[in-house]
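Asker: Let me see the structure of the following:
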Amino acid sequence: MKVPSWPSGHVAFDGEIFEFGAGELTRVPIENLRKIELKSPKLGRLNLKFEYQAGLGKHKTGAWVEVQHEPELNELVAAVQAAIGGNTLP
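Answerer: I've put the predicted structure just below:
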């Protein structure tokens, strides 16, 4: 599933890879994704926050998604949360 992010990117999840960005995309294997959550809207956009492991470092970032894409975004977040539910790495 793929959801457009503001201003010109997207977030996507295919069951194994979480992908985000615009132009040059960042692809994170699901086993390296630590956390994903949807925060309250700001300025008419949903605030998606996520944390992932890359090498020895942890990275926290996010994406803004237009409110009209909320149903698709909720579905994507639920799928990612279910996939990382069994992930016990710190």
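Asker: Name the residue most distant from the centre of the chain?
Answerer: Distance from the C-alpha centroid of the chain, by Cα atoms, centre = their mean, peaks at residue 56 (20.2 Å).
Asker: Distance check, it against residue 4.
Answerer: As judged by Cβ to Cβ, to the nearest Å, residue 56 and residue 4 stand 32 Å apart. Placement of C-beta: from N, CA and C, glycine included.
Asker: same question, residue 66
Answerer: Taken as Cβ to Cβ, the span from residue 66 to residue 4 is 7 Å.
Asker: And the contacts of stretch 5-20?
Answerer: For stretch 5-20, the surrounding residues in contact (Cβ atoms under 8 Å, 6 or more residues apart in numbering) are 1-4, 21-23, 25-30, 33, 36, 45, 48, 50, 52, 61, 63-66, 73, 76, 79-80, 83.
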